[in-house]
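# would you be able to build a 3D model of this:
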Amino acid sequence: DDEVFRLQMATFWPAEYFQVAEGHQAWIDEIEERTGGRVKITMQAGQSLLNAPEIYEGVVNGVADIGTTCPSYTPGAFPVTEAFELPGFNNDNALVSSLTIQEGYEKLKEKGYMSEYDDSKVLMFWATGPGNIKTHKPVRTLEDLSGLEIRSAGGGSTPTIEALGAVPVGMPMSEAYEQLSAGTVQGILGPNDVLKGFKLAEVIDYVTITPYLYNTVFMKTMNLDTWNSLPSDIQQVFEEVSEEFVMKYGELRTDHTKAGLEFGIEEEGLEIIDLSPAEEKKFLESI
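Now for the predicted structure:
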């Protein structure tokens, strides 16, 4: 009989979140189907196996076989990747930014610039679309941000928040609800899908639409020993499915970014603030 490879996959997103329920589960199903059941993957969602900042090292050390996480949750560990999170990139949506980071990784790897991932087998990257400022108090001008403590994913969003005159407070998205609710931070810079997926629409009142300030990269990676234990035909399935899902995850995030904002407006009565052209220029010039 063919050997069955039973793998554990860790992620910080809750099981009901679209990234898990519609994204990761579809990826797992596709892997299992195309390998004829020779691979079985158990999802460990909602930080049940590893906390968000621990996932990458947990995969490297074999606590999980596969991990999906945000490189920015380990500040300084992935400096080349953080360049893709710097403000000003004209990524209109998550699909564009997902394809950009994947292509960027592949080209830079060819040139030897991606040694920051040498201790794991990278399967794929994807990313959010533009993020917005979500706060307790209205932010209509750059001055309104001055001194506000704003949740940051780390990476490129930390210097962005500093440049805007606010105070970045690094934390995974999984902690944002509690910290916003407690008033430990006064807002976040992040994608709109979190308004529904992480229920943040319950604990903020305003969303300020901002010009290309934010983009966060995500990754799916595998333990090297696990990867090397797989037959070449199964390795090929992982690579083919992951390549296809860069676009699928990007499309999924694009759809849920729109849905998250609509949810916040319709279900929680959030006020949407559009910056004046003069203020938008000030935001862009400050970064």
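
# is residue 66 bridged to anything, and to what?
Applying DSSP bridges to residue 66 gives these bridge partners: residue 9, residue 222.

# verify the stated contact: it with residue 221.
Yes. Residue 66 is within contact range of residue 221, at 7.2 Å (criterion: C-beta atoms under 8 Å). Where C-beta positions appear, they are placed from N, C-alpha and C, glycine not excepted.

# look up phi and psi at residue 39.
Per-residue torsions, residue 39: phi -120, psi 130 (degrees, to the nearest 10).

# what residues are up against it?
Contact partners of residue 39, counting by C-beta atoms under 8 Å, 6 or more residues apart in numbering, are 4-5, 7, 31-32, 234, 237.

# now with 7 Å, please.
5, 7, 31-32, 234 (C-beta atoms under 7 Å, 6 or more residues apart in numbering).

# low-confidence ranges, the stretch 51-200 of the chain, go.
Residues of the stretch 51-200 of the chain meeting the criterion pLDDT under 70: 88-91.

# that older thread, okay, residue 66 and residue 221: which has more neighbours?
Neighbours were counted for residue 66 and for residue 221 using other C-beta atoms under 10 Å; residue 66 has more, 29 against 24.

# gap between the more buried one and residue 78?
Note on residue 66: its distance to residue 78, by C-beta to C-beta, to the nearest Å, is 18 Å.

# and the pLDDT at residue 280?
pLDDT recorded at residue 280 is 89.

# and it, how close does it get to residue 213?
Distance, residue 280 to residue 213, using C-beta to C-beta: 10 Å.

# who's more crowded, these two?
residue 213 (25 against 15).

# separation between the closest residue in space to that one that isn't next to it in sequence and residue 162?
Excluding the flanking residues, the one nearest residue 213 by C-beta to C-beta, 6 or more residues apart in numbering is residue 87, at 4.9 Å. Per C-beta to C-beta, residue 87 is found 11 Å from residue 162.

# who's more crowded, the two?
Neighbour tally, residue 87 and residue 162, criterion other C-beta under 10 Å: the higher count belongs to residue 87, 24 against 15.

# mind checking what secondary structure that one has?
coil (DSSP: H, G, I helix; E, B strand; the rest coil).

# quick one: contacts for it?
Counting by C-beta under 7 Å, 6+ apart, residue 87 touches 156, 160, 212-213, 287.

# farthest pair within the residues you listed?
Spatial extent of the contacts of residue 87 (C-beta to C-beta) is set by the pair 156 and 212 at 11.4 Å.

# so those two - more neighbours on which side?
residue 156 (24 against 17).

# and the longest helix belonging to the chain, what does it pack onto?
Criterion DSSP state H: the longest helix present in the chain is helix 232-268. With contacts taken as 3 or more C-beta pairs under 7 Å, 6 or more residues apart in numbering; DSSP states H and E, helix 232-268 sits against helix 25-34, helix 94-110, strand 121-127, helix 194-197.

# so which of these comes closest to residue 59?
Nearest of the helices and strands packed on helix 232-268 to residue 59, taken as C-beta to C-beta: strand 121-127 at 9.0 Å.

# partners of that closest one in the sheet?
strand 217-222 (antiparallel).

# now do the next helix-or-strand element following the longest helix of the chain: which elements does it pack against?
Proceeding N to C from helix 232-268, the next assigned helix or strand is strand 271-274, under DSSP states H and E. For strand 271-274, the packing partners by 3+ C-beta pairs under 7 Å, 6+ apart come out as strand 206-209.

# CA atoms only for the strand it packs on, dumped as CSV, please.
Extracted in CSV, the C-alpha atoms of strand 206-209 (Å, rounded to 0.1, in the frame of the first residue of the first chain):
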residue,chain,number,x,y,z
TYR,A,206,-14.6,55.1,12.0
VAL,A,207,-12.8,53.9,8.9
THR,A,208,-10.6,56.4,7.1
ILE,A,209,-9.9,55.5,3.5
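
# fine by me, thanks again.
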